[in-house]
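Asks: everything below, folded, please.
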Amino acid sequence: MKLLEALPPDGKDRGLALSLDPQRIPAHIAIIMDGNGRWAKRRGLPRFAGHRAGVQMVRSVVEDCSRLGVHALTLYAFSAENWKRPRPEVDMLWRLLRFYLRHELEDLQRNNIRLQSSGRVEALPQRVYEELRAVERATARNTGMCLNLAINYSSRNELVDAVNALVDQARIEGRLDSLVVDEEMISKRLYTAGLPEPDLLIRTSGEMRISNFLLWQIAYAELYVTDTLWPDFNREELLRAILEFQRRERRFGGIAETVTEPADLTVAADFPDEETEEIAVSSQ
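Replies: Numbers count the residues shown, from 1 in each chain. Modelled structure (predicted):
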């Protein structure tokens, strides 16, 4: 595994990495990056310092996920509700995003990472939008991990946009009256179309909320919540989350493969089949 080559010889994260099953690395990890403001407050720093520290952690987590062989990493960078924050903070977040896009393009290319975005990104400030699209175009042919930034994202908006796209297409094709929508049709029109559904959803800072994030896509995702604030979510924390994921039994509504039918069927005998019940009723 490439990640082991980058770990210190005696580091705790090396031991965690050795415990991982390389065949069961989550194909898609989604992260709600929470706690930047609290991280700064605990240190007597302005909120900007927390967001700046959070950007540094993004770089680390992206590189580690890429080395682990994760196919897609979705980061909740800016929700549609974040516009409610004070204007100076919002403007500062856009400056940080532009800084990240400018300074990380070289690393994205070197690591063969493709950048894409999810959300109503057309509503971003013009210069931010243009730089985002420029990096997406520059990395479009990369074949490694997909880094999916959820920006101006709302899962409810995403579902509305998907349904409206279906309606618009049916109207253009003259079949609106006969339109019948199924799950596959919606999935193909989500912002994340083409990506595997998340196997693991991580939320930092201990908050027990989904916060309008990937509501459709995480239907069968494993949830992992840690009290660690995002700027402290280092490689060791990431490996702990993945190890916990690997310890879980994913049944997708079924039963565990190790479960077998009991040899003693006397319990089943207490429940007559339908034919037996019909005979009993008719005899009365």
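
Asks: in the protein, mark out all the strands, start to finish.
Replies: Assigned by DSSP state E, the chain shows strands spanning 28-32, 72-79, 114-118, 146-153, 200-203, 222-225.

Asks: how about the ones you listed in TSV, adding mean neighbour count and mean pLDDT?
Replies: C-beta here means a position set from N, CA and C on the backbone, and glycine is covered the same way. What follows is those, written out as TSV (neighbours: other C-beta atoms under 10 Å; pLDDT from 0 to 100):
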stretch	mean neighbour count	mean pLDDT
strand 28-32	25	98
strand 72-79	23	98
strand 114-118	21	98
strand 146-153	24	98
strand 200-203	24	98
strand 222-225	17	98
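
Asks: dump those strands to JSON lines, plus distance to Asp161.
Replies: Listed next are the strands of the chain as JSON lines, based on distance: least, C-beta to C-beta, whole Å:
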{"stretch": "strand 28-32", "distance to Asp161": "19"}
{"stretch": "strand 72-79", "distance to Asp161": "15"}
{"stretch": "strand 114-118", "distance to Asp161": "11"}
{"stretch": "strand 146-153", "distance to Asp161": "11"}
{"stretch": "strand 200-203", "distance to Asp161": "21"}
{"stretch": "strand 222-225", "distance to Asp161": "25"}
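
Asks: between those strands, which one is nearest to Gln126?
Replies: strand 146-153 (13.5 Å; C-beta to C-beta).

Asks: so what are the sheet partners of the closest one and their directions?
Replies: Strand 146-153 pairs in its sheet with strand 72-79 (parallel), strand 114-118 (parallel), by DSSP bridges.

Asks: show me how far that strand is from its chain's centre.
Replies: Put simply, strand 146-153 sits 9 Å off its chain's centre (C-alpha atoms, centre = their mean, to the nearest Å).

Asks: residues in contact with it?
Replies: Residues outside strand 146-153 that contact it (C-beta atoms under 8 Å, 6 or more residues apart in numbering): 62, 71-80, 83, 97, 108, 113-121, 123-124, 132, 191-192, 195, 213-214.

Asks: now do stretch 122-129
Replies: Contacts with stretch 122-129, where a contact means C-beta under 8 Å, 6+ apart, come from Trp94, Leu97, Arg98, Val121, Leu132, Ile151, Asn152.

Asks: list the buried residues for that stretch?
Replies: For stretch 122-129, a neighbour-count test (16 or more other C-beta atoms under 10 Å) marks Leu124, Val128, Tyr129 as buried.
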